[in-house]
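Enquirer: Model the following, please.
(2 chains)
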2 protein chains.
Amino acid sequence: MNELSKLCIHTITTKPWSIEEAAQNYAANGVKGITVWRDALDGRNISQTGQMLRDQDLSIVSLCRGGFFPNSDKAKRKLALDDNRKAIVEASELGTKLIVLVCGADPSQSLEDSRKQIQDGIAAIIPEASAAGIKLAIEPLHPIYADSRSAINTLSQANDMTEALNSPWVGVAVDVYHLWWDPNLEKEIARCGKNNALLAFHVCDWKTPTTDILNDRGLMGEGCIPIRKIRSWVEAAGFNGFNEVEIFSTEYWKEDQSEFLKKIIKVYQEHV
Amino acid sequence: MNELSKLCIHTITTKPWSIEEAAQNYAANGVKGITVWRDALDGRNISQTGQMLRDQDLSIVSLCRGGFFPNSDKAKRKLALDDNRKAIVEASELGTKLIVLVCGADPSQSLEDSRKQIQDGIAAIIPEASAAGIKLAIEPLHPIYADSRSAINTLSQANDMTEALNSPWVGVAVDVYHLWWDPNLEKEIARCGKNNALLAFHVCDWKTPTTDILNDRGLMGEGCIPIRKIRSWVEAAGFNGFNEVEIFSTEYWKEDQSEFLKKIIKVYQEHV
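Expert: Sure, this is the predicted structure:
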């Protein structure tokens, strides 16, 4: 049995719950960390919400998500920068030191253009991130999202970009769902560890069959991802942060969320 | 305007048609090549079907598909080899010189094991392929299929395996749908050309959003794949074979297939 001191859950994993319900239930069941999706903060005083989480002894692991930099329309790229600066302010108010970047893509332009705009976008917000003491984690997304959600689709690309940006405020988030298939994964995890750039580790599982491109992620152990093996690579690379459970699932969102939380804790101990 | 001398269509693209209807309609509309899916041969004399295609002046570009080598059960791996040997016989009878391999995967075992079983499986059938004068094309599939349809997910992996097998009877099939997102694609296409191993080129498009993991491929021009750019890389690598239109689409299969064929020919001239 695994213990729970490194278990973090993303608010979106238990989407039917408000952040207050999530915090109370996570804490009551021994979960130690929470990653906050920005929609969970809607209509709330963010500083007070951060305090509410700390009052439950929850570490606020990261804010999800900034990014979505590329756009063939320059004015919209500027709006994206503004939104990322807003995310930095929100992260400060909330009291977390990390923002995860879902970098974005625009199917109306080339991947090369999108990639350049991502790098330029991150470079543009490093000063604000640095001033706020908040790191930015480039999350490479599965190639299935290359058309619309991220033109950064392998850890190799994220590492290349991190090295090119060459800032202590920029690193990567490793999510097993996006990267498990990559034959270069172990090598690239080690590379990112050497750069001190491995900032976050997300887990869930890949179901066979997967029936929805976005919202059919599996509970750990339910699919084919070698989660423990990948965790061992991440830890060998020096990472000692939280293991973050991030599951988008129409199916699980329909369940009683208290029962779902119990399942998460059980399979976390068995498979992570 | 492009001419049609290199236009090939896969029978599955117009799945509602029998192979006889497909052949007649393709030929009547100026299509010059056909790739035959094995299900299209069900219940037919294969040699006579091959003759029927040649009588319509259609080049029989390839037989789709062999492969599906990996299985954690050794007896099932043997059955897969038998089926691949059967495909070689079918290809001979049909009168084509190429079999496309959808290599397979087994989510109950590691990707490394599946990859080894693929390589061993191909090695096992090279003697029969060589005796029949039929080449085998490893088709890397999009990482979304790594759990179940192919543990070979990048052109780099297919090139590695081709080089390891080191046989004039083994090469690769490049399908833009599976590979368009890969930042190493141009380089790997050139590598595969240098090996004289680029055996087939498949086109369609990636729609945003894609609503089904298998059967929502787009017509060329309908999505974000830079088809002409990739075709230019393939031709720069020495490939001068057919451009094969392979579209799985529940939506298009519902249409009148004669109208759909007219659309294919139009967008082929505009976007390939």
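
Enquirer: Between the two ends of stretch A:56-71, what distance do you get?
Expert: Start-to-end span of stretch A:56-71 (C-alpha to C-alpha, to the nearest Å) is 40 Å.

Enquirer: go on, stretch A:30-44?
Expert: Termini of stretch A:30-44 sit 25 Å apart (C-alpha to C-alpha).

Enquirer: Which other helices and strands does the biggest strand by length in chain A contact?
Expert: Longest strand in chain A, counting residues (DSSP state E): strand A:59-67. In terms of contacts (3 or more C-beta pairs under 8 Å, 6 or more residues apart in numbering or on different chains; DSSP states H and E), strand A:59-67 is packed against strand A:7-10, strand A:33-37, helix A:46-55, helix A:74-94, strand A:98-102. (Glycine included, C-beta is placed from N, CA and C.)

Enquirer: just the angle between the fourth one and helix A:46-55, please?
Expert: Going back to what we said before, that points to helix A:74-94. 50 degrees (axes from the mean of the first three to the mean of the last three C-alpha atoms, to 10 degrees).

Enquirer: Buried residues of helix A:74-94, list them for me.
Expert: By neighbour count on 16 or more other C-beta atoms under 10 Å in any protein chain shown, the buried set for helix A:74-94 is A:Arg77, A:Ala80, A:Leu81, A:Asn84, A:Arg85, A:Ala87, A:Ile88, A:Glu90, A:Ala91, A:Ser92, A:Glu93, A:Leu94.

Enquirer: The fifth one and B:Gly50, how far apart?
Expert: Using C-beta to C-beta, to the nearest Å, A:Arg85 is found at 65 Å from B:Gly50.

Enquirer: Kindly report the same for the fourth one.
Expert: In this structure, A:Asn84 and B:Gly50 are separated by 59 Å, where distance is defined by C-beta to C-beta.

Enquirer: The last one too?
Expert: Going from A:Leu94 to B:Gly50 by C-beta to C-beta gives 67 Å.

Enquirer: in the sheet, who's paired with the residue most central in space within chain A?
Expert: The residue lying closest to the centre of chain A (C-alpha atoms, centre = their mean) is A:Val100, at 5.1 Å. For A:Val100, the beta-bridge assignment (DSSP bridges) gives partners A:Cys64, A:Ala137.

Enquirer: Which pLDDT does the model give the closest residue to A:Ile46 other than its chain neighbours?
Expert: Excluding the flanking residues, the one nearest A:Ile46 by C-beta to C-beta, 6 or more residues apart in numbering or on different chains is A:Glu93, at 4.0 Å. For A:Glu93, the pLDDT comes out at 98.

Enquirer: pretty sure A:Glu93 is in contact with A:Ser47, am I right?
Expert: Yes: when contacts are counted by C-beta atoms under 8 Å, A:Glu93 is listed as touching A:Ser47 (4.7 Å).

Enquirer: Chain B contacts on the stretch 151-272 of chain A?
Expert: A:153-154, A:157, A:180-183, A:206, A:208-211, A:213, A:223-224, A:226 (C-beta under 8 Å from any C-beta of the partner chain).

Enquirer: ok, of those residues, which one's closest to A:Ile144?
Expert: A:Ile213 (6.1 Å; C-beta to C-beta).

Enquirer: Let's verify the closest one: helix, strand, or coil?
Expert: Following DSSP: H, G, I helix; E, B strand; the rest coil, A:Ile213 is assigned to coil.

Enquirer: Count the neighbours of it for me.
Expert: Counted with other C-beta atoms under 10 Å in any protein chain shown, the neighbours of A:Ile213 add up to 16.

Enquirer: what's the distance between it and A:Arg115?
Expert: 22 Å.

Enquirer: chain center to stretch A:121-134: distance?
Expert: Its chain's average C-alpha position is 18 Å from that of stretch A:121-134, according to C-alpha atoms, centre = their mean, to the nearest Å.

Enquirer: Run through who's touching that stretch.
Expert: Residues outside stretch A:121-134 that contact it (C-beta atoms under 8 Å, 6 or more residues apart in numbering or on different chains): A:66, A:69-70, A:77, A:80-81, A:84-85, A:88-89, A:91-92, A:96-99, A:101, A:135-136, A:138, A:161, A:165, A:167, A:169-170.

Enquirer: do the same with stretch A:31-44
Expert: A:4-12, A:18-19, A:22-23, A:26, A:49, A:53, A:57-65, A:87, A:90, A:94, A:96, A:100, A:242, A:244, A:246, A:261, A:265.

Enquirer: Please, where are all the strands along the stretch 101-250 of chain A?
Expert: Counting by DSSP state E, counting those that start in this stretch, the stretch 101-250 of chain A has strands at residues A:135-138, A:170-175, A:198-203, A:243-245.

Enquirer: Model confidence for the residue lying closest to A:Leu101 once chain neighbours are set aside, exactly?
Expert: Excluding its sequence neighbours, the residue lying closest to A:Leu101 (C-beta to C-beta, 6+ apart) is A:Gly67, at 3.9 Å. Looking at A:Gly67, its pLDDT is 98.

Enquirer: before we move on, what about A:Glu163?
Expert: 98.

Enquirer: Go ahead and confirm it touches A:Asn196.
Expert: No: using C-beta under 8 Å, A:Glu163 is not in contact with A:Asn196, being 11.7 Å away.

Enquirer: Quick check: the residue nearest to the centre of chain A vs chain B, distance?
Expert: Distance of A:Val100 to chain B, computed by C-beta to the nearest C-beta, to the nearest Å: 21 Å.

Enquirer: Could you do A:Glu112 as well?
Expert: Taken as C-beta to the nearest C-beta, the span from A:Glu112 to chain B is 9 Å.

Enquirer: neighbours of that residue, just the number please.
Expert: 11.

Enquirer: now swap in A:Asn196 and tell me
Expert: Neighbours of A:Asn196 (other C-beta under 10 Å): 12.

Enquirer: Is it correct that it is in contact with A:Phe239?
Expert: No: the pair A:Asn196 / A:Phe239 is not scored as a contact, 10.0 Å apart, by C-beta under 8 Å.

Enquirer: ok so, going back, kindly reformat the strands of the stretch 101-250 of chain A as JSON lines containing mean pLDDT, mean neighbour count and distance to A:Leu41.
Expert: Below are the strands of the stretch 101-250 of chain A laid out as JSON lines (pLDDT from 0 to 100; neighbours: other C-beta atoms under 10 Å in any protein chain shown; distance: least, C-beta to C-beta, whole Å):
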{"stretch": "strand A:135-138", "mean pLDDT": "98", "mean neighbour count": "26", "distance to A:Leu41": "18"}
{"stretch": "strand A:170-175", "mean pLDDT": "98", "mean neighbour count": "26", "distance to A:Leu41": "20"}
{"stretch": "strand A:198-203", "mean pLDDT": "98", "mean neighbour count": "26", "distance to A:Leu41": "19"}
{"stretch": "strand A:243-245", "mean pLDDT": "98", "mean neighbour count": "25", "distance to A:Leu41": "18"}
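
Enquirer: Rebuild the ones you listed as CSV, extending it with distance to A:Asp147.
Expert: Converted to CSV, those look like this (distance: least, C-beta to C-beta, whole Å):
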stretch, distance to A:Asp147
strand A:135-138, 18
strand A:170-175, 18
strand A:198-203, 21
strand A:243-245, 25
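
Enquirer: B:Asp256: which of those strands is closest?
Expert: Nearest of the strands of the stretch 101-250 of chain A (C-beta to C-beta): strand A:170-175, 43.4 Å.

Enquirer: Strand partners (parallel or antiparallel) of that closest one?
Expert: As assigned by DSSP bridges, strand A:170-175 forms pairs with strand A:135-138 (parallel), strand A:198-203 (parallel).

Enquirer: circling back: can you select the buried ones among the contacts of stretch A:31-44 for me in ChimeraX?
Expert: Command for ChimeraX that selects the buried part of these, burial taken from 16+ other C-beta under 10 Å:
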select /A:4,6,7,8,9,10,11,12,19,22,23,26,49,53,58,59,60,61,62,63,64,65,87,90,94,96,100,242,244,246,261,265
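
Enquirer: Apart from its neighbours in sequence, what residue is nearest A:Ala151?
Expert: Nearest to A:Ala151 is A:Ser114, by C-beta to C-beta, 6+ apart, at 3.8 Å.
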